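Participant: Got a predicted structure plus its sequence, pasted below:
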Amino acid sequence: MDLSKLGISRRSLAMATALVGMVSLAIGAHAALNMRALDAAKAVATEQADAAANRPSRIALVIGNGHYPDANTPLSQPINDARALTASLRRDGFDVDVVEDATRDDMNRAIARLKSKIKPDSVVMLFFGGYGVQAGRESYMIPVDATIWKEADVRREGVSVESVLDAMKEHGACAKLVVLDASRRNPYERRFRTFSHGLAPISAPDNALILTSATPGLVADDSNGQHSVLMTELLNNLNARESEKTAAAAETVFNKTRVAISRASDGAQVPSVSSSLLEDVRFGENAGS
């Protein structure tokens, strides 16, 4: 036997064994690092999921009605307004259901969908742009298929704003936001023996904030722009908050909108803001209520 060859073989075997050991250690270290990275990723995902789960749900129903058969010309602004507000609210983390040129059935189905989403911690928002009519002491959103010849038809064909607020409350919404851009001179008023311009005062239920485009009992003329005066100023305030990367209080946004419109019109159009908020509700995806 050649002992020198045996020695070389033993050295080769030892080196190979050492090399295998080093490779195994490297593989084990790499696997451990991957495992720690995976665990860290899972922890971050869990933390984000927990934060999302603990964040109050934010849901909105946005209705823009423009094509009314009884009107001489279509309203172009309500649909533009609905689309622009929908985009803004979705950036703020709202789950938005948007309906255009809604019939009464469309509105009732949309309200039913809204109610089904409400949870005890929900911030719920309603926007309606189109024609609104007051009957008695209530304000009604008018569907595009409404047939109205007398005040009783308003109650039968329209959808009461107060009834939607009551539904939000009954289903446990923690905060309710309403924007009504419907204080227009409606095409039905000459058919009534007695009628009131604009909308009736809307009593805010607990923890609610309501913005209407004009003082109760008064009407506001449409501008010539793409959006209504109300929506233009509301979007300006929402966009200003977004550019500053801050979460603005809803009540501040509504009040700034009211003041801006009043100043721009030299007091000819003064929106109404009614608040019974018991907590701070903010616009912003990461803002809590």
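Facilitator: Nice, I can see it.
Participant: Show the low-confidence segments of the stretch 101-250 of the chain, by residue range.
Facilitator: 193-196, 241-246 (pLDDT under 70).
Participant: what are the ranges of the strands in it?
Facilitator: For the stretch 101-250 of the chain, the strands identified by DSSP state E, counting those that start in this stretch occupy 123-129, 132-135, 138-141, 159-160, 175-181, 208-212, 248-249, in order along the chain.
Participant: Of all those, which one is nearest Ile148?
Facilitator: Nearest to Ile148 among the strands of the stretch 101-250 of the chain is strand 132-135; the distance by C-beta to C-beta comes to 7.5 Å. The way it works is simple: take the backbone N, C-alpha and C, and place the C-beta from them, glycine included.
Participant: buried sites along that closest one?
Facilitator: Residues of strand 132-135 classed as buried: 132-135 (neighbour count, 16 or more other C-beta atoms under 10 Å).
Participant: packing partners for it?
Facilitator: Applying 3 or more C-beta pairs under 8 Å, 6 or more residues apart in numbering; DSSP states H and E, one finds that strand 132-135 makes contact with strand 138-141, helix 151-157.
Participant: Pull out the buried residues from the longest one.
Facilitator: Read it as helix 151-157. Across helix 151-157, burial judged by 16+ other C-beta under 10 Å covers 151, 153-154, 157.
Participant: Helices along the stretch 101-250 of the chain, start to end?
Facilitator: With helices called from DSSP state H, counting those that start in this stretch, the stretch 101-250 of the chain shows them at 104-117, 151-157, 161-170, 229-243, 250-264.
Participant: Ok, which of the ones you listed comes nearest Pro143?
Facilitator: Here helix 104-117 is closest among those (C-beta to C-beta), at 4.1 Å.
Participant: Give me the neighbour count for the spatially closest residue to Arg282 that is not a sequence neighbour.
Facilitator: Setting aside the residues directly before and after it, Arg282 is nearest to Ala247 in space (C-beta to C-beta, 6 or more residues apart in numbering), at 4.2 Å. When counting by other C-beta atoms under 10 Å, one arrives at 17 neighbours for Ala247.
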